[in-house]
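Peer 1: quick one, what's the 3D model for this:
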Amino acid sequence: IKKLFMLNKKIEKNSTNTDSVNPLVSVIIGNYNYGRFIVKAIESVFNQTYRNFELIIVDDGSTDNSREIIESYGDKLTAIFQQNGGQGAAFNSGFAAAKGEIICFLDSDDYYYPEKIAKVVAAFDKNPDWVQISHGRTSIEADGTIIGRDPTFFSQGDVTQLLLNYGRYAWSLTSGLAYKRWVLEKVLPIPKLPHGADTYLTATVPFYGNIGCICEPLMFYRHHGNNMNAGSNNIHYLIEQREQTAICINKTAEKLGLTETYNLKKDADYRSLKVLEAGISSPKEAIKIFWMTWLESRAIGHSFKDTMERFVRRGMCTLFPKEAPIYLRLRLRRYLRFKLSRRQFKPLT
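Peer 2: Predicted structure coming up:
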C-alpha cells in the first residue's frame, strides 16, 4: 500500500510544473493566549534564510493581546481568528488556507533557527520518498535562557511495524515536524482530540510513506509551566495521550486494510503510568516493563543514554509512585539537583 502511494506521488510530481528546487513552504502557527511569546515566533519565520514561504497564523480564541499583535503585521501574513477549538482545529484551518507544497508547524511559544526552512526543503529534495521530517530542538526557559539540546536521534524509513508493535518510534515535537502537502491531504482534517495534533499526525502519516530526520536542533522549545508535552507530570493527560495514540494507529491501519493492530498492553509507558495512577509500588510489574523497555529500545535503535532514561523514568513510576510526578516534571538532572538541594538545606534536628 505504501509503495503504491509513493509511486502515484512520483507520477503526479512528474506530470506537474511544481518547482522542486524552490517550493513554496507554508508555516502554520497555532496560537492561544501566547501574546507574550508570539512576536518571537513570527520574527523567527520572517528571518528565515529561505524566502519562498507564506506564514499563516490561526488564533484559536485568545483572550489576551494576541489579536492586536497579529493584526499589527498586516498583509505580511495570513491571519485567521476563530473560536477556541484546540490545536487540531487551528491546524485544520491553517492547512485549509495553505498553498505550500511543504507544511511546517510552529507552536507560538517556540521559534525557529534561521536556517530551519532551508534545511527542511533540502532534505525533502534529497529524499523524495520522505513524507515527514523530524528535527532536534534546543530547550529554553521561559525567559529564553538555554537549558540544553534535547535528543537528536529520530527514526527513519518505514516505521509502520514499530507503530503496530510498540505504538511509537523516535519523532519530534510539533514545532520540529514538517510534512509533504499530499500526505496531509490523506490524513486531515485532524479529528477533535483531547490532546495535541502531533499525537494524531505522528501516529497516522507514517502509514503513507517513509519518514526522515535532520539530526540537529532547528527550533527552540520553551519550557514555561504550561507545556503539555516534554516534561509533563499530568498523569491523566499522559495516559490519555497513549490511549489516543493507539486509537489513531488502529483506525489508520483499519482504513488501509491492515489486519494487524496495536495492543496497549505492549505499551511500556502506558503500563508504568497506570501503576503510577494507582499509587502502589509494583516490583513484579516493574520487571515486565524493564523487559519491554529493552525490547522496544533495541527495535527502535535508541542510544544507551536514551534507553537508560526510559528505564529510570518507568522504574520511578512503578517502584516509587510518590516521587515519580516530581521526576516526570524535572527529569533526571534537575531532579537530582532538586533532591540534593533539599538535603543541603534540611534543618538539623
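Peer 1: contact partners for Gly86?
Peer 2: Applying C-beta atoms under 8 Å, 6 or more residues apart in numbering to Gly86 gives the contacts Asp60, Lys192, Leu193. No exception for glycine: its C-beta is placed from N, CA and C like everyone else's.
Peer 1: if we go to 7 Å?
Peer 2: Gly86 makes contact with Lys192 under the criterion C-beta atoms under 7 Å, 6 or more residues apart in numbering.
Peer 1: need the pLDDT of it.
Peer 2: On pLDDT, Gly86 comes in at 91.
Peer 1: just checking, Ala90 is part of a helix?
Peer 2: Yes - checked against DSSP: H, G, I helix; E, B strand; the rest coil, Ala90 lies within a helix.
Peer 1: surely it and Ser62 touch.
Peer 2: No - using C-beta atoms under 7 Å, Ala90 is not in contact with Ser62, being 10.8 Å away.
Peer 1: the two: who's more crowded?
Peer 2: In this view Ala90 and Ser62 are compared by other C-beta atoms under 10 Å, and Ala90 has more residues nearby, 27 against 20.
Peer 1: which residues touch the closest residue to the more buried one other than its chain neighbours?
Peer 2: Once flanking residues are discounted, Ala90 sits nearest to Gly30: 3.7 Å by C-beta to C-beta, 6 or more residues apart in numbering. Contact analysis of Gly30 by C-beta under 7 Å, 6+ apart lists Val58, Asp60, Gln87, Ala90, Phe91, Gly94, Asp107, Ser108.
Peer 1: what's the separation between Gly30 and Ile140?
Peer 2: Taking C-beta to C-beta, to the nearest Å as the measure, Gly30 falls 19 Å from Ile140.
Peer 1: one more: Glu277?
Peer 2: Separation of Glu277 from Ile140 (C-beta to C-beta): 31 Å.
Peer 1: more neighbours, the two?
Peer 2: Remark: of Glu277 and Ile140, Ile140 carries more neighbours, 18 against 14, as counted by other C-beta under 10 Å.
Peer 1: and the pLDDT for the more buried one?
Peer 2: pLDDT for Ile140: 90.
Peer 1: quick one, strands of the stretch 51-200 of the chain?
Peer 2: Under the criterion DSSP state E, counting those that start in this stretch, strands of the stretch 51-200 of the chain are mapped to 53-60, 78-82, 102-107, 111-112, 130-140, 146-149, 177-180.
Peer 1: ranking the ones you listed by mean pLDDT, which is last?
Peer 2: Among those, strand 146-149 carries the lowest mean pLDDT, a mean of 80.
Peer 1: who touches it?
Peer 2: Gly136, Thr138, Ser139, Ile140, Glu141, Pro217, His223.
Peer 1: so who does Ser155 touch?
Peer 2: Ser155 neighbours (C-beta under 7 Å, 6+ apart): Leu162, Tyr169, Ala170, Trp171, Ile211, Ile300.
Peer 1: next one: the longest strand along the chain to chain centre, how far?
Peer 2: In the chain, with assignment by DSSP state E, the single longest strand is strand 210-222. A distance of 10 Å separates the centroid of the chain from that of strand 210-222, by C-alpha atoms, centre = their mean, to the nearest Å.
Peer 1: what do you get for stretch 187-201?
Peer 2: Distance, stretch centre to chain centre, for stretch 187-201: 11 Å (C-alpha atoms, centre = their mean).
Peer 1: how about the helices in the stretch 151-300 of the chain?
Peer 2: For the stretch 151-300 of the chain, the helices defined by DSSP state H, counting those that start in this stretch occupy 160-166, 181-187, 197-204, 235-255, 268-278, 283-300.
Peer 1: can you put the ones you listed in TSV and add mean pLDDT and distance to Gln83?
Peer 2: Shown next, in TSV, are the helices of the stretch 151-300 of the chain (pLDDT from 0 to 100; distance: least, C-beta to C-beta, whole Å):
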stretch	mean pLDDT	distance to Gln83
helix 160-166	97	33
helix 181-187	98	23
helix 197-204	93	17
helix 235-255	93	23
helix 268-278	96	32
helix 283-300	97	39
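Peer 1: quick check: bridge partners of the residue nearest to Ala90?
Peer 2: Note on Gly30: beta-bridge partners Val58, Asp107, judged by DSSP bridges.
Peer 1: what is the one helix or strand Leu336 maps to packed up against?
Peer 2: Assigned by DSSP states H and E, Leu336 belongs to helix 324-344. With contacts taken as 3 or more C-beta pairs under 7 Å, 6 or more residues apart in numbering; DSSP states H and E, helix 324-344 sits against helix 304-319.
Peer 1: and the angle from the helix it packs on to helix 268-278?
Peer 2: Angle, helix 304-319 to helix 268-278, by axes from the mean of the first three to the mean of the last three C-alpha atoms, to 10 degrees: 30 degrees.
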